[in-house]
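**Q** A predicted structure for the sequence below; I have some questions about it.
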Amino acid sequence: QNSMVLSAAIFITLVGLIIYLHFVKIDQESLLVIGSLGIQVTSSYASGKESTTFIEMGKVKDVIINEAIHMQKVIYYLCILLQDPEDPQGVSEVVPLFQSSKPRLDCLIEVYKSCQEILEQRKTAPQTS
């Protein structure tokens, strides 16, 4: 009877591990910024499933590198600040990016510079109605 319980526990553990690897563990994260349209964030899971989020450029206030202290360590992450529709100077939401991959600061700086270039082009481009 003990071996039956042990076998069931091992089986449940293996099934749980397989479910985690295929549906929870993110293999790849990508960011696509198109100045005239918006920002697309895509997460690819081990199972091949993809999750995509699109943020319209009109809602984007800024892209920043934020820092947090976690387990006696400073970690950096990229965030999108969404503009508050009622207060143009305010921020309604902070959307963190690359939460699973946790890239190094030097990589985040490169992505940040590219995003800022695109945001600056959008601000300096003549507005068409």
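**A** Yep, that arrived.

**Q** am I right that Lys102 falls within a strand?
**A** No: Lys102 is assigned coil when assessed by DSSP: H, G, I helix; E, B strand; the rest coil, not a strand.

**Q** test my guess that it contacts Lys73.
**A** No: counting by Cβ atoms under 8 Å, Lys102 stays clear of Lys73, with 11.0 Å between them. Placement of C-beta: from N, CA and C, glycine included.

**Q** could you look up the next helix or strand downstream of the helix ranked longest in the chain?
**A** Counting residues, the longest helix found in the chain (DSSP state H) is helix 2-23. Note on helix 2-23: by DSSP states H and E, the next helix or strand toward the C-terminus is strand 26-34.

**Q** which pLDDT value belongs to the residue nearest the centre of the chain?
**A** In the chain, the C-alpha closest to the average C-alpha coordinate belongs to Leu97, at a distance of 2.6 Å (Cα atoms, centre = their mean). As predicted, Leu97 sits at a pLDDT of 93.

**Q** phi first, then psi, for it.
**A** Dihedral angles of Leu97 (phi, psi; degrees, to the nearest 10) stand at phi -120, psi 160.
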